[in-house]
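1. Predicted model follows, preceded by the sequence.
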Amino acid sequence: MINVFDVYRQNFYIDFDSLDSIEVTKKEFQTYSVKAGDIVFVRSSLKLEGVGVEGVGASACVPSLSEPIIFECHLVKLRASYKIIPEYLINYLNSSVVRQRLIALANTVTMTTIGQTALTNLEVEIPPVSEQQAIVEFLKNETAKIDELIIKIETQNEKLKEYRQSLISNVVTGKVRVVE
């Protein structure tokens, strides 16, 4: 079962290894099942807006399925039409401009919720399929570059931490002499 927390992914794709297994009735399966390419959208959350990808309005795409999957009641399933590439739609929905629009549509009482009427009134920019594909490819390439830089920075941070520990150890044990 896809839970709200399963939607909060940096890459906007559901990770099936993190899902919980449950038993459901045939009626529940018919109502809440997903197909490959479907998008699950957080319509109700304890968080109005979270850090990064968290909070109401977040969405993630369901990749190819290896077994039957359902989604829980705080999510809404979106199925792209033949004119919309799911990868384009997921990036569009998670863009900062659209997320801010969705957050503005939300109501907060105990939980923050976006009503179905508000969702049906959300306008989606739909360029031609070839342009959508170009946007998806551009985003893949650019995010890959950013991910590479993040890995390099994290590696450098680890090396600096190791150097710091080594320096402290060498000063404390007298291997490095401190001159005043």
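-> Sure thing, it's come through.

2. Just the C-alphas of stretch 100-120, formatted as CSV.
-> Only the C-alpha atoms of stretch 100-120 are listed here, as CSV (Å, rounded to 0.1, in the frame of the first residue of the first chain):
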residue,chain,number,x,y,z
GLN,A,100,2.4,27.1,-3.9
ARG,A,101,-0.9,27.2,-5.8
LEU,A,102,-2.0,23.9,-4.3
ILE,A,103,-1.0,25.0,-0.8
ALA,A,104,-3.0,28.2,-1.3
LEU,A,105,-6.1,26.0,-2.1
ALA,A,106,-5.7,23.9,1.1
ASN,A,107,-7.8,24.3,4.2
THR,A,108,-6.4,23.6,7.6
VAL,A,109,-8.4,22.5,10.6
THR,A,110,-6.9,19.4,12.2
MET,A,111,-5.3,18.3,9.0
THR,A,112,-4.4,20.3,5.9
THR,A,113,-6.7,19.2,3.0
ILE,A,114,-7.1,20.1,-0.6
GLY,A,115,-10.7,19.5,-1.6
GLN,A,116,-11.6,17.6,-4.8
THR,A,117,-13.4,20.7,-6.2
ALA,A,118,-10.2,22.8,-5.8
LEU,A,119,-8.2,20.0,-7.5
THR,A,120,-10.6,19.9,-10.5
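
3. Check the offset of it from the chain's centre.
-> Counting by CA atoms, centre = their mean, to the nearest Å, stretch 100-120 is centred 18 Å from the centre of its parent chain.

4. helix or strand for residue 177, which one?
-> Taking DSSP states H and E as the definition, residue 177 sits outside all helices and strands.

5. List the buried residues of stretch 86-103.
-> Buried residues in stretch 86-103, counted by 16 or more other CB atoms under 10 Å: 86, 87, 88, 89, 90, 91, 92, 93, 94, 98, 99, 102. All C-beta spots, glycine's among them, are computed from the backbone N, C-alpha and C.

6. Tell me which two of those residues sit farthest apart.
-> By the measure CB to CB, 87 and 102 form the most distant pair in the buried residues of stretch 86-103, at 19.0 Å.

7. show me what contacts the residue of the chain positioned farthest from its centre?
-> In the chain, the residue that sits farthest from the middle, by CA atoms, centre = their mean, is residue 180; the gap is 52.4 Å. By CB atoms under 8 Å, 6 or more residues apart in numbering, residue 180 lies in contact with nothing.

8. now residue 171
-> Contact analysis of residue 171 by CB under 8 Å, 6+ apart lists residue 178.

9. Now with 10 Å, please.
-> 177, 178 (CB atoms under 10 Å, 6 or more residues apart in numbering).

10. how about it, phi and psi?
-> Reported as degrees, to the nearest 10, the phi and psi values for residue 171 are phi -70, psi -40.
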